[in-house]
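Participant: 3D model of this:
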Amino acid sequence: MTELMGGMMLLFDWRNSGQRVMSYVAPVWEVTGTFLAMFVVETDATFAGILLPVAFAFAALLLVFLILFIIRNLSIILGEFAEKRQILTDRQLYYIYVIATLLLSVIFLAFVSAVISGNGVTLLISGNPVNSLLSVSNAQVSFNVAKWLVGPGDILFIIAAVFITFGLAPVLYDIKRFSGIAIISSVIGFILGVISLVQMGVSINPVIVIPAIIIIGAPVLYRFNIARSMLTNKAAFIVLLVIAVYSLYFTVYPTAMHGRLVLSEVVTRGPMVLGTILTTAVGFTLLAFMLSLYVYVNYRSSRSLASAK
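Facilitator: Numbering: from 1, shown residues only. As a prediction, this is how the structure comes out:
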């Protein structure tokens, strides 16, 4: 999501935002790939009985996602030596990165909305897919894009996410010129987001106050220079973002796909639970260490270049 925010800033103001965005993306882009791999492993370990059927159902979306992910990576790699080789200009590389990142985000949001609403998804589970060796054949899942497109709330969900992203982006990347419109964008995005959830059949929980405070409060505080140093701190901002996202757990728990998928029926049980917990703890600890190391190396490199100039 932070890269989507960067993509929004590059789209509207690449000349002034380019250095700020890419200085954040450059040290973490490889870790992002590692995080995605870790996410897939964790999902497989937690929901082993349903992951493969869902993956087959969304195979087309996943394929496009992977192609765009490769294009996104190539744009960053080329950016590291394009100036020396004169292959592409900074502006061209920025827009390749922006287009790939925006489309990646749309595909991801489409998948999330389908999981929440169940629009376009056909789900049939016979027996207990966790305790059966035939779990893949017992669970039949298909996805119809046309039915998803006309489903209530899904497109609005993506539009709301775009508004929220644009509203939070100036805070993360400390771009003051967009701070005024960012407040309006965040308010519109949050309202549209709530409407989309209601249309998708989600019962709004009082916990919705938490993301509301973060989504609307952060741009307001930034605009009036309140707690600006904390809000523009990447680590602090990401913590707030994680809190906002995970506070919306009620949209998919304890059921998903508009109540048609009871997650307790497909969650891993038995000895694998301890293994999953240990894998999560060790894996994400190593991932946090990698991210910290990348950021530190990038910071030292930037300081060295600044001193040399």
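
Participant: Only C-alpha atoms from now on, for both contacts and neighbour counts.
Facilitator: Fine.

Participant: other SSEs contacting the host helix or strand of residue 37?
Facilitator: If you go by DSSP states H and E, residue 37 is part of helix 2-46. In terms of contacts (3 or more C-alpha pairs under 8 Å, 6 or more residues apart in numbering; DSSP states H and E), helix 2-46 is packed against helix 90-117, helix 154-172, helix 272-308.

Participant: for the record, mean pLDDT for the second one?
Facilitator: Pointing back at helix 154-172 there. Across helix 154-172, the average pLDDT comes to 95.

Participant: any idea how far it is from the chain center?
Facilitator: 11 Å (C-alpha atoms, centre = their mean, to the nearest Å).

Participant: In the following helix or strand past that helix, which residues are buried?
Facilitator: Once helix 154-172 ends, the next helix or strand along the chain (criterion: DSSP H and E) is helix 179-199. Neighbour counts over helix 179-199 (16 or more other C-alpha atoms under 10 Å) mark 179-180, 182-190, 192-197, 199 as buried.

Participant: again, but for stretch 261-272
Facilitator: Applying a neighbour-count criterion of 16+ other C-alpha under 10 Å, one finds 261, 263, 265, 266, 267, 268, 269 buried in stretch 261-272.

Participant: Make TSV out of the residues you listed and add pLDDT and secondary structure.
Facilitator: Shown next, in TSV, are these (pLDDT from 0 to 100; DSSP: H, G, I helix; E, B strand; the rest coil):
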residue	pLDDT	secondary structure
261	81	strand
263	78	helix
265	72	helix
266	75	coil
267	77	coil
268	75	coil
269	74	coil
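
Participant: Could you list the low-pLDDT ranges of the chain?
Facilitator: 27-28, 30, 79-87, 125-139, 294-295, 297-309 (pLDDT under 70).

Participant: how far does the strand or helix carrying residue 56 sit from the chain's center?
Facilitator: For residue 56, the element it lies in under DSSP H and E is helix 48-57. Here helix 48-57 is found 20 Å from its chain centre; the criterion is C-alpha atoms, centre = their mean.

Participant: Give me the angle between that helix and helix 90-117.
Facilitator: 120 degrees (axes from the mean of the first three to the mean of the last three C-alpha atoms, to 10 degrees).
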